[in-house]
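Whatever this is, show me its structure:
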Amino acid sequence: MSRPSLFGSPLFLGFDHLEQMLDRVQKSADGYPPYNIEQTGETRLRITLAVAGFSMDDLQITQEDNQLVIRGRQREDGEGRIFLHRGIAARQFQRAFVLAEGIEVEGAWLDNGLLHVDLQRPLPEVRVKTIQIATRGQGPQRPVVGQVPVGEGRVSEARLAEARLKES
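You can find the predicted model right below:
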């Protein structure tokens, strides 16, 4: 039995890829290592991961398309050591964050067992597009979509638009 889609409504057209991204992130979220996401400015974010025991050589940060992937793998240095109790996690991890379009990674640093990754998100541009409503004769209305072929007694798209403006 399949679960209902978040974007199954006919009002959400073309959002299939968002649902796939959410599924991927949900599968990779096991809670380790713990992290914070904070807003450090109007257009700045910071991801902080608790990576106690990991050195810079043990960590790798990559940006794969719109995903920020942080991986950690510690080397076994326990040769000759006998642990009576081992409560500090020394396992490998992979943590993925889906980034919105346009978000840039500014940098990363390791400080006292915390890995900080700074992000910059641009302010969205406000785009307003006015759609012309054309009038025609009394017959049934059919919208013109796409390009009109040139030749064979037909006019170019530019001439068609020019003719519509003259009718208005």
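
any idea of the pLDDT on F83?
We have a pLDDT of 82 for F83.

same thing with K129?
91.

Run a quick neighbour tally on it.
Number of residues near K129 (other CB atoms under 10 Å) recorded here: 4. C-beta here means a position set from N, CA and C on the backbone, and glycine is covered the same way.

So it versus G14, what's the distance?
Here K129 is placed at a distance of 17 Å from G14 (CB to CB, to the nearest Å).

again, but for P122
When P122 is compared with G14 (using CB to CB), they lie 22 Å apart.

where does this structure dip in pLDDT?
Applying pLDDT under 70 to the chain flags residues 1-8, 21, 24-29, 77-78, 89, 137-168.

Which positions within stretch 58-78 qualify as buried?
58-59, 61, 68, 70, 72, 74 (16 or more other CB atoms under 10 Å).

Out of the residues you listed, which is nearest to G102?
L68 (13.5 Å; CB to CB).

neighbour-wise, which of P122 and G14 wins?
Using other CB under 10 Å as the criterion, P122 and G14 rank with P122 on top: 11 against 7.

which residues does the more buried one contact?
Neighbour list for P122: 43, 102-104 [criterion: CB atoms under 8 Å, 6 or more residues apart in numbering].

who wins for neighbours among those residues?
Within these, most neighbours by other CB under 10 Å means I103, with 18 neighbours.

That residue is in contact with L119, isn't it?
Yes: between I103 and L119 there is a contact under CB atoms under 8 Å: 5.5 Å.

so what's in contact with the two at the same time?
Common neighbours of I103 and L119 (CB under 8 Å, 6+ apart) are L45.

how about the closest residue to L114 other than its chain neighbours, what does it touch?
Spatial nearest neighbour of L114, excluding adjacent residues (CB to CB, 6 or more residues apart in numbering): T48 at 5.4 Å. Contacts for T48 (CB under 8 Å, 6+ apart) come out as 35-38, 114-117.
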